[in-house]
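need a 3D model of the sequence below.
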Amino acid sequence: MFSPASLFFMLVVGGAAVHASPATSCPSERPNHLCCRSLGPFSDNEYVWENICGITGVDANVSTAAGCSPTASCLSGVIAACCQTVVGCAEGGGVDGPIGLDCVEVEN
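Sure thing, here's the model as predicted:
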């Protein structure tokens, strides 16, 4: 019926109003706030980013957030991140939600 990633996205978006922490402010150099399932170097999932999503030209060490939702506040257990850039994965059908590039984890 729904993939695990789709269900996670619905929980993050739908549940944010139920049990969310206060909204996080991001610095101007990383203005995009995301609530994500994972945060790690681009190289951790480089094959998918480059060959399925078409995201190329990114340094392997750039901190990348995946499985994200652009909500103002995050549920507990989800990684709150501030990212410089947000891109999508059209070929992947958007299953991973928005993808954040050059991100830092922030207080949730």
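
strand partners (parallel or antiparallel) of the lengthiest strand in the chain?
Criterion DSSP state E: the longest strand present in the chain is strand 79-87. Here strand 79-87 is paired, per DSSP bridges, with strand 32-36 (antiparallel), strand 99-105 (antiparallel).

what's that strand in contact with?
21, 24, 26-27, 29-39, 53, 55, 65, 68, 70, 74, 98-108 (C-beta atoms under 8 Å, 6 or more residues apart in numbering). Where C-beta positions appear, they are placed from N, C-alpha and C, glycine not excepted.

now with 6 Å, please.
Under the contact criterion C-beta atoms under 6 Å, 6 or more residues apart in numbering, strand 79-87 has outside partners 24, 26, 30, 32-34, 36, 39, 55, 65, 74, 98-106, 108.

distance from that strand to the middle of the chain?
6 Å (C-alpha atoms, centre = their mean, to the nearest Å).

picking that back up, now, of the strands paired with strand 79-87, which is deepest in the fold?
strand 32-36 (a mean of 25; mean count of other C-beta atoms under 10 Å).
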